[in-house]
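[1] My questions concern the predicted model and sequence given below.
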Amino acid sequence: MSDILFSSSWQSPSNIALIKYWGKYGVQMPSNASVSFTLSECRTETTLEVLPAGQGPKVELYLDGEKKDSFTPKIEKLLSKLQSEMDWIEGHRFRVKTHNTFPHSSGIASSASGMAAIALCLCDLHEQIDGNRFSDFYRRASRYARLGSGSACRSVYGGMAVWGKHEDFPHSSQEYAIRLTEGINSVFQDFQDTILLVHSASKEVSSTVGHDLMDHHPFAKKRFKVAGQNMTKMKAILSSGDVEAFIQVVESEALMLHGLMMSSLPYFILMKPNTLQIIQKIWDYRKQNGTPVLFTLDAGANVHLLYPSEYKEEVKKWIDAELSMYCENKMYICDHVGKGPSRLNP
Ligand code: PMV
């Protein structure tokens, strides 16, 4: 006999920040606003089952059918934070069955897509148990995802999302991300992101530690100010479709993020020699051919190669000929701006 009382399944994509969130305070509040593209192919598919209370751990988690105890503390922590809003959490146990569409050994963090999928399942389960619909389903899911992992809050929408209060983005909030629907030039609506997989081992320094190092960072105040100014610039760029200006802001944000890591105490470097080789190749190719290819980086060594969709074929040939050799086992993932999460049939 099945022990499942309620169940919900969602898939949620990952996202890549253009203006970076790096530094936080209080309960996962961002020190500056950020904006991201939601991806499409890099997704987490999760089923969350509610079980009766009784013997056994509060949360059991299976990744591709294999029990993973190392992932449960983060979910237990999220559940305990949400207990005051969802009183049914207390009297139950949970089984999480999850799968990432990207290779496990790719070095791509699954926390954004993973926490967004869990948050969506929790909102869905609350509706099932409580019998009432949330009028603010996605906003709520975004807030819950933020409590699990900051950048996850931007993954609950398709297209582009802004997280963090900023005067140029009406309705933006520290507590949840909002979807950007208006003022986006068509060139950015199906932008491509090919993720060049430089280094698959897990990171030497986690984002959590990196965020905390911003508390006493000598450049923190200036960084948060510049991030705000870059948000203003980005708003104008998104509406005008000025790809040249986009390149400058996005690449500068990526290098500033890694510059902050290099100037923290203790300092650290997450880029690898091949990260720099690829960046140099991108700059050379752009100069020689005039093709608007650019890079961004998250908190790791992999390079996100961004470009408008009309250059897809040309860029693919160039990657195979000149960039894949800098990737681990020549691996890369072709992704693009996506439509956001969706409910799955369990
Ligand atoms: O959500 P976290 O705590 O993993 O932080 C993510 C930080 C960056 O990926 C470097 C930037 C961002 O805005 O996603």
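    Nice, thanks for sending it over. Numbering: from 1, shown residues only.

[2] if I look at the residue of the stretch 51-200 of the chain found nearest the ligand, how far off is Ile129?
    Nearest residue of the stretch 51-200 of the chain to the ligand: Ser151, at 3.2 Å (CB to the nearest ligand atom). Placement of C-beta: from N, CA and C, glycine included. According to CB to CB, to the nearest Å, Ser151 stands 28 Å off from Ile129.

[3] Kindly indicate whether Phe37 is helix, strand or coil.
    Under DSSP: H, G, I helix; E, B strand; the rest coil, Phe37 falls in the strand class.

[4] Double-check it against Phe191; I have them as touching.
    Yes. Here Phe37 reaches Phe191: they are 6.3 Å apart, a contact under CB atoms under 8 Å.

[5] So which of Ser151 and Ile129 has more stuff around it?
    Higher neighbour count among Ser151 and Ile129: Ser151, with 28 against 16, using other CB atoms under 10 Å.

[6] The more buried one contacts Ile19, correct?
    No. Between Ser151 and Ile19 there is no contact under CB under 8 Å: 11.7 Å.

[7] Quick check: neighbours shared by the two?
    Each of Ser34 lies in contact with both Ser151 and Ile19 under the rule CB atoms under 8 Å, 6 or more residues apart in numbering.

[8] Now do the SS call for the residue of the stretch 51-200 of the chain closest to the ligand.
    helix.

[9] Apart from its chain neighbours, what residue comes closest to it?
    Nearest residue to Ser151, sequence neighbours excluded (CB to CB, 6 or more residues apart in numbering): Ala112, at 4.9 Å.

[10] what comes up buried for the helix or strand encompassing the one you found?
    Under the criterion DSSP states H and E, the helix or strand holding Ala112 is helix 111-130. Of all the residues in helix 111-130, those buried under the rule 16 or more other CB atoms under 10 Å are 111-126, 129.

[11] now, which of those residues lie close to the ligand?
    On the criterion CB under 6 Å from any ligand atom, Ser111 are the entries of the buried residues of helix 111-130 that sit beside the ligand.

[12] Quick one: residues contacting the residue of the stretch 51-200 of the chain closest to the ligand.
    By CB under 8 Å, 6+ apart, Ser151 lies in contact with 15, 17, 21, 34, 36, 111-112, 163.

[13] Let me know the distance separating it from Gly290.
    Applying CB to CB to Ser151 and Gly290 gives a distance of 33 Å.

[14] what does the protein put close to the ligand?
    Checking the chain against the ligand by CB under 6 Å from any ligand atom, the hits are 17, 20-22, 34, 111, 149-151, 207, 211, 257, 298-299.

[15] Tell me how far Phe169 lies from Ala177.
    Counting by CB to CB, the gap from Phe169 to Ala177 is 10 Å.

[16] Now the common contact residues for those two.
    With CB under 8 Å, 6+ apart as the test, Phe169 and Ala177 both reach Val162.

[17] Those two: who's more crowded?
    Of the pair Phe169 and Ala177, Ala177 is the one with more neighbours under other CB under 10 Å, namely 35 against 20.

[18] Quick check: beta-bridge partners of the more buried one?
    Applying DSSP bridges to Ala177 gives these bridge partners: Trp163.

[19] thinking it is in contact with Met160, fair?
    No. Using CB under 8 Å, Ala177 makes no contact with Met160, being 9.8 Å away.

[20] if we can go back for a sec, look at Phe37 and Phe191 and report which has more neighbours.
    Neighbour totals were compared for Phe37 and Phe191, and Phe37 leads with 28 against 19 (other CB under 10 Å).

[21] ok so, going back, any idea how far the helix holding Ala112 is from the chain center?
    Offset of helix 111-130 from its chain centre (CA atoms, centre = their mean, to the nearest Å): 16 Å.

[22] How about stretch 190-199?
    Offset of stretch 190-199 from its chain centre (CA atoms, centre = their mean): 13 Å.

[23] Which parts of the stretch 101-250 of the chain are strands?
    160-163, 177-180, 192-196 (DSSP state E, counting those that start in this stretch).

[24] Can you name every helix or strand that the first one contacts?
    The one in question is strand 160-163. Contact analysis of strand 160-163 by 3 or more CB pairs under 8 Å, 6 or more residues apart in numbering; DSSP states H and E lists strand 34-52, strand 177-180 as its packing neighbours.

[25] again, but for the last one
    Here strand 192-196 is seen to pack against strand 34-52, strand 303-307, helix 312-318, strand 332-336 when contacts are counted using 3+ CB pairs under 8 Å, 6+ apart.

[26] quick one, helices of the stretch 201-346 of the chain?
    Applying DSSP state H, counting those that start in this stretch to the stretch 201-346 of the chain gives helices spanning 207-213, 220-240, 243-262, 273-289, 312-318.

[27] which one of these has the lowest average pLDDT?
    Mean pLDDT values for these show the minimum at helix 207-213, a mean of 94.

[28] How many neighbouring residues does the nearest residue to Glu251 once chain neighbours are set aside have?
    Setting aside the residues directly before and after it, Glu251 is nearest to Leu294 in space (CB to CB, 6+ apart), at 5.6 Å. By the criterion of other CB under 10 Å, Leu294 has 22 neighbours.

[29] if I look at Leu294, how far off is Gln192?
    To Gln192, Leu294 is 11 Å away according to CB to CB.

[30] Likewise for Gly300?
    In this structure, Gly300 and Gln192 are 20 Å apart, going by CB to CB.

[31] for Lys287, same thing?
    The value you get for Lys287 to Gln192, if CB to CB is used, is 20 Å.

[32] Many thanks, we can stop here.
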